[in-house]
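Trainee: sequence unknown, structure follows:
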């Protein structure tokens with residue numbers, strides 16, 4: 001109705017009047033491929049898919065063999081890249097996100113006590129803010145990644161790696177539970193008498209060990225493992 005009666009230029013020169021009043025409207029629906037692209041090309045959806053995909057892949061690196069996080073992460077990343085290729089990307093923002101991923105991966109291999117994770121979170125936040133290249137002179141809010149989407153995504157990433165790093169540090173500080181070091185502090189029973197300077201036999205965790213002690217220990221007396229060297233334990237009463 002608004003176009004009816006307008007004068008428009010036509011090919012070959014000249015003008016023509018548009019008669020559109022009462023014209024029949026025909027709607028052509030997008031096929032499934034374009035409907036998926038239309039959905040994932042929303043910058044907010046694409047960014048969330050990218051974040052979930054990255055976390056899924058990194059979780060798989062932390063826990064090889066879990067399979068499901070790696071599979072879902074791959075699918076989310078493919079969908080994210082499928083949507084992002086339709087948007088005006090800022091390659092500096094994309095590079096910052098790539099740096100963030102590298103820092104997160106290095107955190108798996110290098111004990112930095114969270115320094116690499118903090119750097120990765122900062123790079124990810126800046127990268128997300130710069131990811132979509134929009135001319136500030138035009139109104140294109142639909143192309144911007146909303147701050148209320150960026151902050152939860154970055155926070156979730158930070159919490160994920162803070163949890164992973166904390167678990168890693170605790171695992172490093174945990175007392176060994178296998179081998180000779182794993183027996184330190186455990187209790188057992190002396191099977192033979194042990195005199196200072198002379199070895200005897202003790203039963204610890206169902207295993208017979210040669211042992212020595214700096215104090216006399218009677219057969220059948222409870223002992224506690226203080227240390228050891230090779231296949232010989234150092235025990236005390238207890």
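Mentor: Perfect, thanks for sending it. Keep in mind the model is a prediction, meaning the values are calculated, not measured.

Trainee: Could you use CA atoms for every contact and neighbour count after this?
Mentor: Will do.

Trainee: Report the next helix or strand after the lowest-mean-pLDDT helix or strand in the chain in sequence order.
Mentor: When each helix and strand of the chain is scored by mean pLDDT, DSSP states H and E, helix 147-173 comes last, with a mean of 75. Downstream of helix 147-173, the next assigned helix or strand under DSSP states H and E is strand 187-190.

Trainee: What is that following strand packed up against?
Mentor: strand 200-204, strand 222-229 (3 or more C-alpha pairs under 8 Å, 6 or more residues apart in numbering; DSSP states H and E).

Trainee: partners of the shortest one in the sheet?
Mentor: Sheet neighbours of strand 200-204, with direction, are listed as strand 187-190 (antiparallel), strand 207-213 (antiparallel) (DSSP bridges).

Trainee: same check, this time on the last one
Mentor: The pairing partners recorded for strand 222-229 under DSSP bridges are strand 187-190 (antiparallel), strand 232-237 (antiparallel).

Trainee: Which of those strands has the lowest mean pLDDT?
Mentor: Ranked by mean pLDDT, the strands paired with strand 222-229 bottom out at strand 232-237, with a mean of 88.

Trainee: Name the residues that touch that strand?
Mentor: Residues outside strand 232-237 that contact it (C-alpha atoms under 8 Å, 6 or more residues apart in numbering) are 209-215, 217, 221-228.

Trainee: what about it, distance to the chain center?
Mentor: Relative to its chain's centre, strand 232-237 lies at 45 Å (C-alpha atoms, centre = their mean, to the nearest Å).

Trainee: any idea how far residue 19 is from residue 13?
Mentor: 19 Å (C-alpha to C-alpha, to the nearest Å).

Trainee: Looking at the two, which one has more neighbours?
Mentor: Comparing residue 13 with residue 19 by other C-alpha atoms under 10 Å, the one with more neighbours is residue 19, at 13 against 7.

Trainee: Let me see the contact set for that one.
Mentor: 3-6.

Trainee: Let's have the strands paired with strand 222-229 in TSV, adding mean neighbour count.
Mentor: Shown next, in TSV, are those (neighbours: other C-alpha atoms under 10 Å):
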stretch	mean neighbour count
strand 187-190	22
strand 232-237	21
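
Trainee: Just put these in a markdown table and tack on distance to residue 153.
Mentor: Shown next, in a markdown table, are the strands paired with strand 222-229 (distance: least, C-alpha to C-alpha, whole Å):
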| stretch | distance to residue 153 |
| --- | --- |
| strand 187-190 | 49 |
| strand 232-237 | 52 |
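
Trainee: contacting residues for the residue nearest the centre of the chain?
Mentor: Residue closest to the average C-alpha location in the chain (C-alpha atoms, centre = their mean): residue 55, at 3.6 Å. Contact analysis of residue 55 by C-alpha under 8 Å, 6+ apart lists 73, 157.
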